[in-house]
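Visitor: Below is the structure, and that's it, no one-letter string:
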């Protein structure tokens with residue numbers, strides 16, 4: 001099974017920032033270990049907004065310590081770029097009118113919903129996924145099919 005952790009930035013990254021994040025993550029996954037075992041780690045930056053960190057657990061299992069190492073690294077990236085990657089109150093969705101990705105606070109999301117600017121069919125990003133094979137079918141989904149429905153509908 002391939003595990004995934006999805007981290008959403010509070011803003012879109014610039015090309016130079018993406019290059020820097022790629023350098024940092026490339027070096028990290030090359031030496032990422034769990035109890036001395038090399039992890040089959042990889043990463044992806046999607047839509048200039050999301051950092052996806054992945055591990056093939058058929059090769060070696062992640063541990064609490066190896067996850068802690070990744071979190072520590074991501075906090076360094078936050079500090080270097082002046083972004084946040086752990087703010088779960090920032091929500092990403094696709095603007096119904098043009099399909100562009102928007103990032104808003106939870107309060108703004110609620111306001112947009114009440115105003116009818118977004119609705120249960122608005123595409124949201126479900127960053128709670130844990131398996132790589134869920135990305136294609138369960139990451140970008142209508143609000144009514146995501147955890148968002150329990151909170152906002």
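Guide: Everything's here; your move. For clarity, every value in this text was computed on a predicted model and none was experimentally measured. Numbers count the residues shown, from 1 in each chain.

Visitor: May I have the phi/psi pair for residue 78?
Guide: phi -50, psi -50 (degrees, to the nearest 10).

Visitor: If you drop the residues flanking it in sequence, what lies closest to it?
Guide: residue 85 (5.4 Å; C-beta to C-beta, 6 or more residues apart in numbering). (C-beta placed from N, C-alpha, C; glycine too.)

Visitor: Report the contact partners of that neighbour.
Guide: Applying C-beta atoms under 8 Å, 6 or more residues apart in numbering to residue 85 gives the contacts 7, 8, 9, 10, 51, 74, 75, 77, 78.

Visitor: Show me this protein divided up by domain.
Guide: Domain ranges of the chain: 2-81, 90-128+138-152, per automatic domain parsing.

Visitor: Output the below-cut-off pLDDT ranges for this structure.
Guide: Of all residues in the chain, none has pLDDT under 70.

Visitor: ranges for the helices of it?
Guide: Using DSSP state H, the helices found in the chain span residues 15-31, 64-81, 106-114, 135-138, 148-152.

Visitor: Among those helices, which comes closest to residue 124?
Guide: When those are compared by C-beta to C-beta, helix 148-152 sits nearest residue 124, at 5.1 Å.

Visitor: surely residue 103 meets residue 13?
Guide: No: using C-beta atoms under 8 Å, residue 103 is not in contact with residue 13, being 11.7 Å away.

Visitor: any residues in contact with both of those two?
Guide: Common contact partners of residue 103 and residue 13 (C-beta under 8 Å, 6+ apart): residue 49.

Visitor: rewinding a little: so which of the helices of the chain is nearest residue 95?
Guide: Using C-beta to C-beta, the nearest of the helices of the chain to residue 95 is helix 106-114, at 9.7 Å.
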